[in-house]
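Student: generate a structure from the sequence data that follows.
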Amino acid sequence: AFANELSMICDKLDINVWELISLANRHPRVNILQPGCGVGGHCIPLDPYYLSWKAREYGFHTSMIESSMMINDKMPEYCVDRAAKMLNRRAKKAMNGSKVLVLGVAYKQDIDDYRESPALRVIEELEHEGAQVTFFDPWVKEYKYKGQVRQSIPQLNEQVLREADLVMVTTAHTNVDYEMVQKNAALVFDTKNAMKKVAERENIEVL
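Tutor: Numbering: from 1, shown residues only. A predicted model of the protein is given here:
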């Protein structure tokens, strides 16, 4: 939650949050985690609420835990808002009607588990804003969310990337060719800093 809130502050200050965290973490007693479009998995998004509920039975209010969860829970909407501003500012397009390709729906890199993945909420919010959304995940061929089954596009290639108005990286899978993504995508919003090693960065923005 601290890393996610730090990313919001850095956006206002026009500072690269990933560089800031990397610099801060050089201190031997500092270990700031990484921001992203939310938190996923079966534990972190859910278990703190159980702890908070149990604490209330004993008259204790877990203000820090609840505040942290509120920050994490709003990250998908925050990222979609950032994506909309990026489209408007750099492509002179509205989110409504734009083609958005989401890269990664697993809740963390190089696994096929999408339980509580924030990427699913990102897709939901993008579609709520009128975007035409497709996704690619080399680990998750399909997912079920709120009764609907969604399938990944078969492969990530140059044509698919060129057809998208915006590519959003929501999971930092290591078996994605990010050099190809950068070369063929009009705009890339990288919420996981997965493309940190890509040299050409004119069309890339990071969370």
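Student: for stretch 157-175, buried residues please.
Tutor: 160-161, 164-173 (16 or more other Cβ atoms under 10 Å). (Glycine included, C-beta is placed from N, CA and C.)
Student: CA atoms of it as CSV?
Tutor: What follows is stretch 157-175, C-alpha atoms only, in CSV (Å, rounded to 0.1, in the frame of the first residue of the first chain):
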residue,chain,number,x,y,z
ASN,A,157,2.5,-10.6,-32.6
GLU,A,158,3.2,-7.4,-34.4
GLN,A,159,-0.2,-7.1,-36.0
VAL,A,160,-2.0,-7.5,-32.7
LEU,A,161,0.2,-4.8,-31.1
ARG,A,162,-0.2,-2.4,-34.0
GLU,A,163,-4.0,-2.7,-33.9
ALA,A,164,-4.1,-1.6,-30.2
ASP,A,165,-4.5,2.1,-29.3
LEU,A,166,-2.9,1.3,-25.9
VAL,A,167,-1.1,-1.7,-24.4
MET,A,168,-1.3,-2.1,-20.6
VAL,A,169,1.2,-4.3,-18.9
THR,A,170,-0.5,-5.7,-15.7
THR,A,171,1.6,-8.7,-15.1
ALA,A,172,5.4,-8.8,-15.5
HIS,A,173,5.7,-12.2,-17.2
THR,A,174,9.3,-12.9,-18.2
ASN,A,175,8.4,-14.9,-21.3
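Student: ok, Leu20 - contacts?
Tutor: The contact partners of Leu20, by Cβ atoms under 8 Å, 6 or more residues apart in numbering, come to 6, 10.
Student: host element of it?
Tutor: helix 17-24 (DSSP states H and E).
Student: and that helix, how far from the chain's centre?
Tutor: In this view, helix 17-24 has its centroid 18 Å away from the chain centroid, taken as Cα atoms, centre = their mean, to the nearest Å.
Student: just stretch 134-150 next, same as before
Tutor: 16 Å.
Student: again with stretch 121-133
Tutor: For stretch 121-133, the distance to the chain centre is 13 Å (Cα atoms, centre = their mean).
Student: could I have it exported to CSV, CA atoms only?
Tutor: Provided in CSV are the C-alpha atoms of stretch 121-133 (Å, rounded to 0.1, in the frame of the first residue of the first chain):
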residue,chain,number,x,y,z
ARG,A,121,-10.7,-5.5,-12.3
VAL,A,122,-8.6,-3.4,-14.7
ILE,A,123,-10.3,-5.1,-17.6
GLU,A,124,-13.7,-4.6,-16.0
GLU,A,125,-13.1,-0.9,-15.5
LEU,A,126,-11.7,-0.4,-19.0
GLU,A,127,-14.8,-1.9,-20.4
HIS,A,128,-17.0,0.2,-18.1
GLU,A,129,-15.3,3.2,-19.7
GLY,A,130,-16.2,2.0,-23.1
ALA,A,131,-12.8,0.5,-24.2
GLN,A,132,-12.7,-2.6,-26.5
VAL,A,133,-10.5,-4.9,-24.5
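Student: got the buried residues for it?
Tutor: Neighbour count says stretch 121-133 has 121-126, 129, 131, 133 buried, by 16+ other Cβ under 10 Å.
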